[in-house]
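> Generate coordinates for the sequence data below:
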Amino acid sequence: MSNIAVMQPYIFPYIGYFQMISAVDKFVFYDDVNYIKGGWINRNRILINNLPQYFTIPLIKASPNRLINEIKFDASNKDYSKLTHKIQQAYVKAPYFKEVFPIIKDILNHKTTYISELAIYSVITICRYLDIDTKFFVSSKDFNESKGLDRADRLIDICKKENCDTYINAIGGQELYTKEYFSENGIKLFFIESEKVTYKQFGDEFCPWLSIIDVLMFNEKEEIKQMLNKHKLI
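You can find the predicted model right below:
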C-alpha cells in the first residue's frame, strides 16, 4: 500500500509544500474546491532588499464562491508583466540565479489563462528540477465523481480509489480532521510538520518560509533535497 496527500494548487509555494509532495507516493492538486481569498493560491513572498515582499498573480473575478479551477488570471495586468523582471532584479546576484531563473521564466510564460493550471505547472516543473518522482493527479479530472462528498469523506474516497492506506495532511488540518474518523474508514492519518530550514541569503538576518523561489536561488539542488527531509509526521 502507498500514501497520498491532497492540497490546493499554490503558485511557487514555500518549501513545506514540496516536503509534503516528497513525503508521499501520490499527490492530488485539489483544484475543484472554493477559492480562498487572502490565501496562497495566487501569491507568495520573495526577498527584496533583504525584506520579505509579496508578489501576487492578478486574478479576474476571483471569489470564495467560485472554484479554484474556474478562475482566470490577468496576464495583461502590468503587475503580472513586470513579475519576471521583479524576480530577476531581486535575485540576479544570488548564487544559483543562472540555473534557476530560466525555470521561473518558463513557468511565468506558460500558455494558460487559469490560475490553477499556472500554479500546478509551477509545482510540477520545480519538482522535476528537484528530481521528485511523486505521481500527480488533479481532483477535477481524476476524482470528479466524488465531488459531492463531505470534506473528509472525499479524501477517504480518494485514498481508497488509489489503494492508499495512509493520508498525509498539512499541519493546519488538525482542526479539520481526526485520526479516529479516518481509522474507522481504514485509513491512517498523519499531519506533516516542517522543521526549521535555514540557509545563507544576502543579509545576516535569515528570513524564513519564503517562496520556493528563494530556496532555489540560494541553494544547490542536492542541498535542497536534504531540506525536503526536514519534517516530521505526527
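> Tell me which helix or strand comes right after the longest helix anywhere in the chain.
If each helix of the chain is counted by residues according to DSSP state H, the longest one is helix 115-129. Sequence-wise, the next helix or strand downstream of helix 115-129 (DSSP states H and E) is strand 135-138.
> sorry, back to before: please enumerate residues in contact with the longest helix of the chain?
9-13, 17-18, 21, 29, 31, 41-42, 57, 59, 68-69, 71-73, 103, 106-107, 110, 112, 134, 136, 138, 212, 216, 221 (C-beta atoms under 8 Å, 6 or more residues apart in numbering). From N, CA and C alone the C-beta is placed, and that goes for glycine too.
> Could you list the buried residues of it?
The neighbour-count check on helix 115-129 (16 or more other C-beta atoms under 10 Å) flags 115-124, 126-127 as buried.
> Equivalent analysis for stretch 155-169, please.
Those would be 155-156, 158-159, 162, 164, 166-169, for stretch 155-169 by 16+ other C-beta under 10 Å.
> Quick check: the farthest pair among the residues you listed?
Across the buried residues of stretch 155-169, the two members that end up farthest from each other (C-beta to C-beta) are Glu162 and Asn169, 15.3 Å apart.
> Considering helices and strands only, name the one in this protein with the lowest mean pLDDT.
The weakest-scoring helix or strand in the chain, judged by mean pLDDT, DSSP states H and E, is helix 78-81 (a mean of 91).
> Can you give me the first-to-last residue distance of stretch 98-117?
25 Å (C-alpha to C-alpha, to the nearest Å).
> Please point out which parts of that stretch sit buried.
Of the residues in stretch 98-117, those with enough neighbours to count as buried (16+ other C-beta under 10 Å) are 100-101, 103-104, 107-108, 114-117.
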